[in-house]
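Trainee: using only what follows, build the 3D model:
(one chain, ligands or ions: 1)
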Amino acid sequence: MSKTVVANWKMYLNLKNSKDFFEQFSISDFQFSKKLELIVCPSFVALTAVNSLIHNSIRSPADKIHLGAQNCSWEESGAYTGEISPQDLKNLGCEYVILGHSERRCYFQETDEMINKKIKTALAAGLVPIFCVGETKEQRQRGETEKVVKYQLKKGLAGVEFSNQNFLIAYEPVWAIGTGEACQPTEAVKVHRLIKREVQKVFLSKKVPILYGGSVDDKNVASYIINEEVGGVLVGGASTKEKIFINLIKNVIKI
Ligand code: PGA
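Mentor: Alright, predicted model coming up:
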């Protein structure tokens, strides 16, 4: 089964760095194979440039590298200063969009209701949501991981209807993001199983890959993706460092 790697470049790489990174990356000598789907999520300003690089690159097949955005509006269009329409993202070449990331929840006060609306609008525009859920350190210490994840899934997926579109879910414990304190694979797998059960209630037989995110790097990536419950990884910091990211990809392909 192929594994998915999502590179979330957050606000780390500016336009020039994004182009340089991608050029380095696509000429590197690893072989893409059936084992890997790579989704690159640059900042909004770099989407067009990265999209051209994906399609013009000779060594890296475009059908294996996909473009994703890091966020979108819950509205299609209108008087929403500073917002980005999912349809515009689709027209720019995006296939995916990260929604419900904990940095959006924590720093930009995004609620479960907003995320639910974004998921619906993104699906309507033909984008595949990468829906993030995960507990904070305090919630984990109180033993609330299961409760929090179930609640976020229930709220985020409420009334979501889709036919044959794809959907991805990322388990991203907030305490593991950007801290170097990755969640133990056995602990992550337990939560993945829980997510799978909950998602099956909503999407019935549909297969929804569940990714792990939070301090994933080239050294620990194999310990996650070796598990059949883990459909791939969502990588932040390590996806912005060329050598580390290329090693990470190589380690995914090796499995
Ligand atoms: P990290 O970020 O890999 O830097 O921990 C992951 C994420 O925020 O998706």
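
Trainee: and stretch 202-215, how far from the chain's centre?
Mentor: Relative to its parent chain, stretch 202-215 has a centroid offset of 11 Å by CA atoms, centre = their mean, to the nearest Å.

Trainee: name the residues of that stretch that are buried.
Mentor: Judged by neighbour count using 16 or more other CB atoms under 10 Å, the buried positions of stretch 202-215 are 202, 208, 209, 210, 211, 212, 213, 214, 215. For the C-beta atoms, the positions are set from N, CA and C on the backbone; glycine is no exception.

Trainee: skipping adjacent residues, who's closest to the third one in space?
Mentor: Among residues not flanking residue 209 along the chain, residue 231 sits closest, at 3.0 Å (CB to CB, 6 or more residues apart in numbering).

Trainee: what is the burial count for the one you found?
Mentor: Residue crowding around residue 231 was assessed by other CB atoms under 10 Å; the count is 24.

Trainee: same question for the one 10 residues further on.
Mentor: Residues within reach of residue 241, counting by other CB under 10 Å, total 15.

Trainee: could you pull up phi and psi at it?
Mentor: For residue 241, the backbone dihedrals (degrees, to the nearest 10) come out as phi -110, psi 110.

Trainee: okay, and residue 115 sits in which element?
Mentor: Residue 115 is part of helix 112-124 when elements are defined by DSSP states H and E.

Trainee: ok now that helix, how far from the chain's centre?
Mentor: Distance of helix 112-124 from its chain centroid, counting by CA atoms, centre = their mean, is 15 Å.

Trainee: just the mean pLDDT for the next helix or strand after that helix, thanks.
Mentor: With elements assigned by DSSP H and E, the helix or strand that comes after helix 112-124 is strand 128-133. On average, the pLDDT along strand 128-133 is 98.

Trainee: strand 128-133: partners in the sheet, and parallel or antiparallel?
Mentor: Applying DSSP bridges to the sheet, strand 128-133 is found paired with strand 96-99 (parallel), strand 168-171 (parallel).
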